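Q: Predicted model and sequence below, questions to follow.
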Amino acid sequence: MTACPVCGNASPSPFLVRDQVPVHQNLVVRSVEDARALRRGRLALHACASCGFVFNAAFDPALLSYGAAYDNTQSCSPAFDAYVQELADEVVDAAGRRGSRIVEIGCGKGDFLRALLRRDPTATGVGFDPSYVGPDSDLDGRARFERRFFDESCAASGVDLVVCRHVVEHVAEPVALLGQLARTLGDSQAVVFFETPCVHWILEHDVIWDFFYEHCSYFTPASLTTAFERAGFSVAGVRHTFGGQYLWARAAAGGAAGVRMNPGAIPALARRFAAHEARLVRELRRRVAEFSREGRVAMWGAAAKGVTLANLIDPDCESIACVVDLNPNKQGGRLPGTGHAIVAPDQLPAWSVRTALMTNPNYYQENLALLRAAAIDVRLVDLMHPGEVDAHHH
Ligand SMILES: [Zn+2]
């Protein structure tokens, strides 16, 4: 039995096992052979009844490689872009002055750090990410990038702002990561922002495609607070963003009064999910089969959610014809694990696609608009709101 990595509770409850899942969801893969040959691992999710943390007890970080072929860029979507711009405003304003020194842990391709630095033309920033692709220095030297994981050797004293978006869920020992950060910050008064998915949202909405190998750590506002406090941070607040899917935490080094723990509804929600998961998967397969009677079915989105769904319901590429993605770097490639073709939206007619399934409701309206503007006659189905099929479909 594995103890809870956040609070140390000795007996967290297992609630979901999936074997042979592809370890990477966001790799760019060019051939069917490479897609199917991807390394696989085991999901053995546990929920902690003391703090509400959810984690994969079978996670092996050695199976993963976050190199240059890793691409989790989401800024191809106007809705996501607008959301990120709001976050950037909030971060830059939090410093309370211009000329901030910024560190971004897990900067991806550097888009967010650049957005921050454009808002404050006197600010400087360093981004850390082994998957970074681009020049070492940008914006007249105000931005620097280091292709490695953030650790204690990365000097962060004198830093005003720290941003860490969609990283902590990839880390098996989140308190250790936060502790490293606390030690490098020392006595600085830096404001620290973390963004990560909310596991309460996943469990509450039965989002079976939101549990996957890259994410070994799943938080609620309460368990993220527990993790921060155990590492010595004080938490100013954790709120839901992006339609409830994400958490956005604001914290500062030092000053924690104690360690709060509140499991909330997580233990009960995890038990309910465990009881329903097999039925939910069967139900989805049945719906895809139904859509297939009216013509070929595609899936929308070749990122983590879509990759997980395809591997769950169509591992042998029998019911889903192809996968649409707006990221040009993924188009022409293959879906990790299954090998489904990844295509641009304007290729859907050539693939004779009649129905496209969406795993993330936040992109429904913009994809609907995109299809209409291009006069592509494909029915778009929001899998999270099955009753609301495009009313103007003809
Ligand atoms: Zn715990």
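A: Arrived safely, thanks for sending. Given the structure is predicted, the values throughout are model-derived calculations rather than measurements. Residues are numbered from 1 along each chain as shown.
Q: My reading is that residue 163 lies in a helix. Confirm?
A: No. Under DSSP: H, G, I helix; E, B strand; the rest coil, residue 163 falls outside any helix and is assigned strand.
Q: Quick check, it in contact with residue 191.
A: No. When contacts are counted by C-beta atoms under 8 Å, residue 163 is not listed as touching residue 191 (9.5 Å). Quick note: C-beta positions are derived from backbone N, CA and C, even for glycine.
Q: Out of the two, name the residue with the larger neighbour count.
A: Using other C-beta atoms under 10 Å, the more surrounded residue of residue 163 and residue 191 is residue 163, with 25 against 20.
Q: tell me the phi and psi of residue 277?
A: phi -60, psi -50 (degrees, to the nearest 10).
Q: Revised request: answer the last question for residue 113.
A: phi -60, psi -40.
Q: What about it, how many residues nearby?
A: Residue 113: 29 neighbours (other C-beta under 10 Å).
Q: what's the distance between it and residue 68?
A: 18 Å (C-beta to C-beta, to the nearest Å).
Q: One more: residue 200?
A: 34 Å.
Q: following the least confident helix or strand in the chain by mean pLDDT, which helix or strand shows up next?
A: Every helix and strand in the chain was compared by mean pLDDT, DSSP states H and E; the lowest is helix 78-94, with a mean of 92. Next along the chain after helix 78-94, taking DSSP states H and E as the criterion, comes strand 101-105.
Q: packing partners for that following strand?
A: Judged by 3 or more C-beta pairs under 8 Å, 6 or more residues apart in numbering; DSSP states H and E, strand 101-105 is in contact with helix 111-119, strand 124-128, strand 161-165.
Q: Could you check how far the spatially most central residue of the chain is from the ion?
A: Centroid-nearest residue in the chain, with C-alpha atoms, centre = their mean: residue 166, separated by 5.6 Å. For residue 166, the distance to the ion equals 22 Å [C-beta to the ion, to the nearest Å].
Q: could I get the helices and strands packed on strand 101-105 as a markdown table with mean pLDDT?
A: Output for the helices and strands packed on strand 101-105, formatted as a markdown table (pLDDT from 0 to 100):
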| stretch | mean pLDDT |
| --- | --- |
| helix 111-119 | 96 |
| strand 124-128 | 96 |
| strand 161-165 | 97 |
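Q: my guess is residue 285 contacts residue 309, does it?
A: No. Between residue 285 and residue 309 there is no contact under C-beta under 8 Å: 10.7 Å.
Q: Having no further points to raise, I will conclude here.
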